[in-house]
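> Next one to model:
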Amino acid sequence: MNEITIEILLVEDNPNDEMLALHAFKKHNFANKIHVARDGAEALEFIFCTGAYADRHFENPRVILLDKKLPLVDGLEVLRQIRADPRTRMVPVVMLTSSAEDRDIIESYKLGVNSYIVKPVDFEQFSETARQLGYYWLLINRQPTE
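Predicted structure coming up:
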């Protein structure tokens, strides 16, 4: 189904935040290999090649940008399932969310998140955050080979 390698899986239910993120990634040349899932259930189907994505060749994204507050399956449960499966356990997951609550940050790290970022509300700050995320996770960070 998908011939290009997905480098970023953006899991975001807010259309405005999705648009901002995609615009920021495009502005900084990280937009060509992004897949968007709009709820936690769709994210899990995409990641594990089930449901609507059953015909997708299993291949991990380079990084998953995961919102915490998602419909159907919340971000913490998505993270829990990613970390429970040996095929996806080492995929970097960045919680990119509006929640700055300590309990959410602590729970995310207990479940194995690699980074926790509170979404900036200002477009320029959001754009700069997206640039830094793309640059670090796609260009600087080294991951084990499969």
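> can we go C-alpha only for contacts and neighbour counts from here?
Noted.
> does the residue nearest the centre of the chain belong to a helix or a strand, and which?
Nearest to the mean C-alpha position of the chain, by CA atoms, centre = their mean, lies Leu65 at 1.9 Å. If you go by DSSP states H and E, Leu65 is part of strand 63-66.
> Dump that strand to PDB, keeping only the CA atoms.
Provided in PDB are the C-alpha atoms of strand 63-66 (Å, rounded to 0.1, in the frame of the first residue of the first chain):
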ATOM      1  CA  VAL A  63       9.400   8.700  15.400                       C
ATOM      2  CA  ILE A  64       5.900   8.800  16.700                       C
ATOM      3  CA  LEU A  65       4.500  12.200  17.800                       C
ATOM      4  CA  LEU A  66       1.700  11.300  20.000                       C
END
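> Who are the packing partners of that strand?
On a contact count with 3 or more CA pairs under 8 Å, 6 or more residues apart in numbering; DSSP states H and E, strand 63-66 meets strand 8-11, strand 93-97.
> State the mean pLDDT of the longest one.
To tie it back to what came earlier, the one meant is strand 93-97. Confidence over strand 93-97 (mean pLDDT, whole number) is 95.
> swap in the shortest one?
Across strand 8-11, the average pLDDT comes to 94.
> thinking again about what came up before, partner strands of the strand holding Leu65 and their direction?
Sheet partners assigned to strand 63-66 using DSSP bridges are listed as strand 8-11 (parallel), strand 93-97 (parallel).
> Adding distance to Arg56, write those strands out as CSV.
Below are the strands paired with strand 63-66 laid out as CSV (distance: least, CA to CA, whole Å):
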stretch, distance to Arg56
strand 8-11, 14
strand 93-97, 21
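> do you know which of the ones you listed lies nearest His35?
strand 8-11 (5.0 Å; CA to CA).
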